[in-house]
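Engineer: no letters, just coordinates:
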């Protein structure tokens, strides 16, 4: 049990000292921002597109 704990702490220490862990955090923040923008855009365009298609469908009938 103690050996696994020591390995975990050694791994965390190595991850903290390397820049790879920072890169992962930066990429995850960028991904979260991009997802928020995409979801917001889809919701905005989606509701407007639905209204346009409804108006076109009503005009055709």
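Structural biologist: Perfect, I can see it now. These figures come from a predicted structure and were not determined experimentally. Numbering: from 1, shown residues only.
Engineer: so what does the lengthiest helix in the chain touch, helix or strand wise?
Structural biologist: If you go by DSSP state H, the chain has its longest helix at helix 20-60. Packing partners of helix 20-60 (3 or more C-beta pairs under 8 Å, 6 or more residues apart in numbering; DSSP states H and E): none among the helices and strands. To be clear about C-beta, it is placed using only N, CA and C from the backbone, and glycine gets the same treatment.
Engineer: just the mean pLDDT for stretch 23-39, thanks.
Structural biologist: For stretch 23-39, mean pLDDT rounds to 91.
Engineer: chain center to that stretch, what's the gap?
Structural biologist: 5 Å (C-alpha atoms, centre = their mean, to the nearest Å).
Engineer: likewise for stretch 50-58?
Structural biologist: 32 Å.
Engineer: residues in contact with it?
Structural biologist: Applying C-beta atoms under 8 Å, 6 or more residues apart in numbering, stretch 50-58 has no contact partners.
Engineer: mean confidence score for that stretch?
Structural biologist: On average, stretch 50-58 scores 84.
Engineer: now that stretch: buried residues?
Structural biologist: If you call a residue buried by 16 or more other C-beta atoms under 10 Å, then stretch 50-58 has no buried ones at all.
Engineer: what residue is smack in the middle of this protein?
Structural biologist: residue 32 (3.2 Å; C-alpha atoms, centre = their mean).
Engineer: quick revisit: what is the distance between the longest helix of the chain and the centre of its chain?
Structural biologist: That offset, for helix 20-60, works out to 12 Å (C-alpha atoms, centre = their mean).
Engineer: stretch 53-61 too?
Structural biologist: On C-alpha atoms, centre = their mean, the centre of stretch 53-61 falls 36 Å from that of its chain.
Engineer: residue 7 and residue 14, how far apart?
Structural biologist: As judged by C-beta to C-beta, to the nearest Å, residue 7 and residue 14 stand 10 Å apart.
Engineer: ok, now residue 31?
Structural biologist: Residue 31 is 24 Å from residue 14, by C-beta to C-beta.
Engineer: cool, residue 35 as well?
Structural biologist: Counting by C-beta to C-beta - residue 35 and residue 14 are separated by 30 Å.
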